[in-house]
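Participant: pasted the sequence and its predicted model underneath.
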Amino acid sequence: MPPKSKLARIRNIGIVAHIDAGKTTVTERILYYTGRSHKMGEVHDGEAVMDWMPQEQERGITITSAVTACNWQDHDIHIIDTPGHVDFTIEVERCLRVLDGAVVVFCAVGGVEPQSETVWHQADKYGVPKIAFINKMDRVGANYFGTIDMMRRRFNSTPLPVQIPLGEEDQFQGAIDLIWNRVITWDNTSLGAAYSFSDVPQDIQPKVREYRDKLIETIADLDDNIAEKYLGGIDITEDELTEAIRKATLSLQVVPVMCGSALKNKGIQPVLDGVISFLPSPEDVPPIKGINPITRMEEERTSNPRGPLAALIFKIMQDEGRKLSYLRIYSGQIKAGDDLYNVSKGKKEKASRILKMHANKRERLDQAQAGDIIAVMGLKEGKTGDTICDETQPILLETMDFYESVISQAIEAKTPADQERVSLALVKLMEEDPTLRLKYDDETAQTVLSGMGELHLEIVIDRLQREFNAHVNVGKPRVVYRETIQSPVEVEGRFERELGERRHFGHVLLQLRPRERGTGNAYVLNVAAGMIPEEFHAAIAEGVQEAIMSGVLSGYPVVDVEVIVKGGSFKDGESSTLGYKIAASTAFRDGCSHGDPLLLEPIMVVDIITPSEFMGDVIGDINARRGEVQSISPKGPVSEIQAKVPLKALFGYSTDLRSATQGRAIFSMHFLVYDKA
């Protein structure tokens, strides 16, 4: 075989899975066996290299995606270990956007869990080829073939077992490689670093032959060369079989499946072999597409170090107060000290340092090129989703979609000294995390922080205090109501008083009418000529406008009311702007009091996608929250429910929905209208 180019020896992979399937444990083993780290860190001890944040070590979960690189069989593997918790889905999304392949880890006991479905569909969305590793084969209840059946049912791709386990549960000894027809076992004394191959024992040869035939049959359906040999009874070599599986994996037709127990140090090296054998190098993936911002025409960039620069910022991180921008370079190269052009912002910036990251540790580089995933210091303007390119050959790569935040909390600085720190820290955290939203609510005078879930906000507030020494009080946000009237009413407003040296007079006649929900307020001036001089018309409108801001029931703004100015009178020498303003304001408030006032609450449209078996529970819960189901549309194994629910009843809904559906349902909501409370 001709020697491979540097690009062909690169793999950019992500390790994705449901929370607690063992992603970080798998990554720790990979780093140890490739010589990248000299000690195996365990998640349960809070010592995993990839879980370096204190919040991750305490909770034993991954919160932020960590990037690292290692070398296996003369190939450079760049790895991103991603979170499994649904609140941090954006971390997985933005990593899959820049990766070429993924290792999906499943728990042999839990099978296909909710978040594994989500990450699988995210990988499909970006056309990322996958291999699957069924972990925890040594646990009670482990079921390799049961998990493969679940994969077949839940996903529209074909799981292809390239290994079968040698024993299960406490009898799990190793794996049988179906391609090379041999047994792989690991040596416990070397922490699994040493492993050996042996022949398949006589008693299980028929079973192994059966599964190997199934493997070849599946590939023969997809590969003419293999089909020809298979039907002609000609021997198929291991290399031919591997090459055919690679082609089918890259075209997303099959997902090679392997097994092991990461915690017991079994099964990791074949996964690394599988990454090299089956997953794509930057040369194998289709060229990245983008729009030329000048011609507005679609262009593409192939993975070529000598081509024009095209890179995407997929993540921003604050490191000891300095901003690190994580980049995937698709084409061209970057040298330390280069001027880079951010086409999304139309600005030039300097790459002061180029770093190769190993979780939170780093190594300085002089240059990086197509296929590399690096961190760059010095890009002050860059945001997640921005394109860095050659100014003379600009291209704008497709940006990322970010999810809408669904849950909010009110926060305030504990002391005046914290105030400035909180403001600065929130700006930095929002740069890092595009799903974080901040809004100052004038009506409640609260700063409201919104995120993807309760854990997401808990982590953000924890980071504010630890990393930025910015202490906050956290409260529940208040729901902001509105007021309106239910019956039409006519009222008179008269103001006559001596203030200072002069007498002020104003007199108006108003009619207030309720309007349809959601149509807003209307103001009509319908006064006969000469009744009230024109110079006072603006004062009347201003008086009404001020009064609308505060209703008579609880001081909330008044909505959906039509105000008609029908008449009034004026006194020469006494009528004044102040007089008419106060008269109009008083009349409006009286009108509201006599017009059968009503409190309105915000109603949200909630879109829920749930596996069909939980539909009854989800609908029952919506009814219990005073909600109203609008439509139900079945979509294969899931159903989409659209409902109208009062915002007040939706606090804590994300947690309740997950509990009711084993974490498998997702929802989004947006404001619809203010309606009767």
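Facilitator: Yes, it's here.
Participant: next, Pro434: secondary structure please.
Facilitator: For Pro434, the secondary-structure state derived from DSSP: H, G, I helix; E, B strand; the rest coil is coil.
Participant: from memory it sits against Asp386, does it?
Facilitator: No - if you go by CB atoms under 8 Å, Pro434 and Asp386 don't touch, sitting 11.4 Å apart. Backbone N, C-alpha and C define where each C-beta goes, glycine included.
Participant: could you check which of the two has the larger neighbour count?
Facilitator: Taking other CB atoms under 10 Å, Pro434 and Asp386 do not tie; Asp386 has more neighbours (23 against 20).
Participant: angles on the backbone of that one, please.
Facilitator: When read as degrees, to the nearest 10, the backbone of Asp386 gives phi -80, psi 150.
Participant: contacting residues for it?
Facilitator: 312-313, 342-345, 399 (CB atoms under 8 Å, 6 or more residues apart in numbering).
Participant: which of those residues count as buried?
Facilitator: 312-313, 342-344 (16 or more other CB atoms under 10 Å).
Participant: got a markdown table for the contacts of Asp386, with distance to Ala677, pLDDT and secondary structure too?
Facilitator: A markdown table is the format used below for these (distance: CB to CB, whole Å; pLDDT from 0 to 100; DSSP: H, G, I helix; E, B strand; the rest coil):
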| residue | distance to Ala677 | pLDDT | secondary structure |
| --- | --- | --- | --- |
| Leu312 | 47 | 89 | strand |
| Ile313 | 45 | 87 | strand |
| Asn342 | 48 | 90 | strand |
| Val343 | 49 | 88 | coil |
| Ser344 | 44 | 86 | coil |
| Lys345 | 45 | 86 | coil |
| Thr399 | 40 | 74 | coil |
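Participant: farthest pair in those?
Facilitator: Leu312 and Lys345 (13.7 Å; CB to CB).
Participant: is it fair to say Pro282 lies in a strand?
Facilitator: No - under the criterion used here (three-state DSSP), Pro282 is coil, not part of a strand.
Participant: so what's the closest residue in space to Val67 that isn't next to it in sequence up against?
Facilitator: When the adjacent residues along the chain are set aside, Val67 lies closest to Met357, with 4.6 Å between them (CB to CB, 6 or more residues apart in numbering). By CB under 8 Å, 6+ apart, the contact set of Met357 is 66-69, 326, 374-375.
Participant: ok, what's across the strand from Met357?
Facilitator: With DSSP bridges as the criterion, Met357 is bridged to Arg362.
Participant: change the start of the numbering to 36 and stick with it
Facilitator: From this message on, residue numbering opens at 36, which makes the last subject Met392.
Participant: got the confidence number for it?
Facilitator: Each residue has a pLDDT score; the one for Met392 is 78.
Participant: now swap in the one 3 residues further on and tell me
Facilitator: pLDDT, the model's per-residue confidence, is 66 for Asn395.
Participant: hang on, Lys299 packs against Lys171?
Facilitator: No - contact between Lys299 and Lys171 fails when scored by CB under 8 Å: they sit 9.1 Å apart.
Participant: pull the lengthiest strand in the chain out as CSV, backbone CA atoms only.
Facilitator: In the chain, taking DSSP state E as the definition, the longest strand is strand 632-646. Taking Å, rounded to 0.1, in the frame of the first residue of the first chain, the C-alpha atoms of strand 632-646 are listed here in CSV:
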residue,chain,number,x,y,z
PRO,A,632,-61.7,44.8,35.3
LEU,A,633,-60.1,41.5,34.8
LEU,A,634,-56.6,40.0,35.4
LEU,A,635,-54.9,38.3,32.4
GLU,A,636,-52.0,35.8,32.6
PRO,A,637,-49.5,34.8,29.9
ILE,A,638,-50.5,31.7,28.0
MET,A,639,-47.7,29.7,26.2
VAL,A,640,-47.8,27.4,23.2
VAL,A,641,-46.0,24.2,24.3
ASP,A,642,-44.7,21.8,21.7
ILE,A,643,-43.9,18.3,23.2
ILE,A,644,-42.3,15.4,21.3
THR,A,645,-42.8,12.2,23.3
PRO,A,646,-42.5,8.5,22.7
